[in-house]
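Colleague: Prediction below, plus the sequence it came from.
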Amino acid sequence: MRIALFTDTYIPQVNGVAKTLQRLVNHFELRNVDYKLFVPTEMPDPFPSHIHSFFSLPFFLYPECRLAVPNPFLIRQQMAEFKPDLLHITTPFNIGLSGLHYGKKLNIPMVGSYHTHFDHYLQYYKLTIMSEMLWTYLRWFYGHFEETFVPSTETKIHLVKKGFNNIQLWTRGVDCSLFQPYQNTNLLPTTAQDKYKLLYVGRMAPEKDLATLCQVIRKMPEQLKDNIHWVFVGDGPMLPEMKAEFSKNVTFTGYLTGTALAEMYASADLFVFPSTTETFGNVVLESLASGTPAIVANEGGVQEIVTHNQTGMVCQSKNPQAFIQAIEMILGNESKRRQMSLEARSYAKTQSWEAIFDNLLLHYEQTIYQTKKTVRMA
């Protein structure tokens, strides 16, 4: 197969979509799948010849994502030379629109993937007036694809209710050799070593429901509050105000990747993630792989990763007291927490990236075959 992948987010941007697509490209190479990748960049082109990057600007709702300014001449030239069997378009912005244009123009089979609930983000930035206009555009955009892949059943149901068709599950995996319990765990200040360590990993932004987490910290019972050290891994617009408010028993690390991130997961007693806007929640699965039980909200894709009372707790969304009660329950029962840790690791080991990507390649092959069959019969 020859696959052309169009995306408005890719490394070195730090988000779950960019990391997933990097892993997909690595899998293409493992399976000897020819590919061309069209991506934005925020620096001089660092990529090899089969990856083409374009000047980009930050997206106002999510500055860590970039909106590219595609070069139509270069895309047309590369498409003509490469002659892809299939286009996979992963984002509905500028590069995605360019891919859609050439896919229609050249009659190349196309599939899409939906990664981010941008409509959920609008409420956090007081832009809900744009919601219907956004959905009208998204229905038009994704309506051109043979299949649209989503990472969770929750996302599939959400899109079907909005009038989307041909929705297929493409879940996410985890690298259990990187994210595992057996790591260096003496990473925090000495004063934190004798405390419970509670971890959050993700963007420091309103749409991650950090307001709920801030309430959890403020309202934690006094007898437990002094025995907890909070660790926040990530960056974003809320970081300065959170640093200003929380200084005692709190560490802000900024972005971490690779072994440093894996060690932070392994060092934690619990992972606390209140976000309701996730289509999946890669960080939750990484936590489980590290043997760290997760406490999550009962909205969004995260609720499909955590099995309540087995690998963690699923709490009523936006309810700080529900999260506090879950934290108290788990930290107050060491044998229960250890059992959850074992169950979490056991579940994560069943979520292989290799099997998930091979299933996606099978969908590619079926789409190409069905399209060619339809052309022959026409």
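Modeller: Structure's in. What do you need?
Colleague: so where do the helices sit in this protein?
Modeller: Remark: helices assigned in the chain by DSSP state H are 16-30, 72-82, 94-105, 118-124, 131-142, 153-161, 210-219, 222-225, 239-245, 258-267, 282-289, 320-331, 334-348, 353-377.
Colleague: Who are the packing partners of the last one?
Modeller: If you count contacts as 3 or more C-beta pairs under 8 Å, 6 or more residues apart in numbering; DSSP states H and E, helix 353-377 packs onto helix 16-30, strand 86-89, strand 110-113, strand 147-150. Every residue, glycine included, has its C-beta placed from N, CA and C.
Colleague: mean pLDDT lowest for which of those?
Modeller: When the helices and strands packed on helix 353-377 are ranked by mean pLDDT, helix 16-30 comes last with a mean of 92.
Colleague: what sits up against it?
Modeller: 3, 5, 7, 9-11, 33-35, 37, 51, 90-91, 115-116, 172, 280-283, 353-354, 357-358, 360-361 (C-beta atoms under 8 Å, 6 or more residues apart in numbering).
Colleague: repeat that with 7 Å
Modeller: 3, 7, 9-11, 35, 37, 90, 115-116, 172, 282, 353, 357 (C-beta atoms under 7 Å, 6 or more residues apart in numbering).
Colleague: Show me what counts as buried in it.
Modeller: 16, 17, 18, 19, 20, 21, 23, 24, 25, 27, 28 (16 or more other C-beta atoms under 10 Å).
Colleague: and the closest residue to residue 275 other than its chain neighbours, how many neighbours?
Modeller: Excluding the flanking residues, the one nearest residue 275 by C-beta to C-beta, 6 or more residues apart in numbering is residue 208, at 4.5 Å. Residues within reach of residue 208, counting by other C-beta atoms under 10 Å, total 22.
Colleague: and what of the one 5 residues further on?
Modeller: For residue 213, the count of nearby residues is 21 (other C-beta under 10 Å).
Colleague: Can you check the pLDDT for the closest residue to it other than its chain neighbours?
Modeller: Distances taken as C-beta to C-beta, 6+ apart put residue 274 closest to residue 213, at 5.2 Å, once the chain neighbours are dropped. Listed pLDDT for residue 274 reads 98.
Colleague: For residue 209, see how far away residue 274 is.
Modeller: 4 Å (C-beta to C-beta, to the nearest Å).
Colleague: between these two, what contacts are shared?
Modeller: In contact with both residue 274 and residue 209: residue 297, using C-beta under 7 Å, 6+ apart.
Colleague: Those two: who's more crowded?
Modeller: Neighbour count, other C-beta under 10 Å: between residue 274 and residue 209, residue 274 has more, with 27 against 21.
Colleague: Tell me which residues touch that one, please.
Modeller: Contacts here follow C-beta under 7 Å, 6+ apart; on that basis residue 274 touches 209, 212, 213, 297, 323.
Colleague: got CSV for these, with distance to residue 110 and pLDDT too?
Modeller: Listed next are those as CSV, based on distance: C-beta to C-beta, whole Å; pLDDT from 0 to 100:
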residue, distance to residue 110, pLDDT
209, 34, 96
212, 39, 97
213, 39, 98
297, 34, 98
323, 42, 98
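Colleague: from the residues you listed, which single one is nearest residue 160?
Modeller: residue 297 (21.6 Å; C-beta to C-beta).
Colleague: how close does that closest one sit to residue 265?
Modeller: Using C-beta to C-beta, residue 297 is found at 19 Å from residue 265.
Colleague: And for residue 306?
Modeller: Separation of residue 306 from residue 265 (C-beta to C-beta): 15 Å.
Colleague: do residue 285 as well
Modeller: From residue 285 to residue 265 the distance is 11 Å (C-beta to C-beta).
Colleague: who has more neighbours, those two?
Modeller: Per other C-beta under 10 Å, whichever of residue 285 and residue 265 has more neighbours is residue 265, with 27 against 24.
Colleague: so what's that one closest to, chain neighbours aside?
Modeller: residue 290 (3.6 Å).
Colleague: Does the one you found touch residue 178 like I think?
Modeller: No: if you go by C-beta atoms under 7 Å, residue 290 and residue 178 don't touch, sitting 9.3 Å apart.
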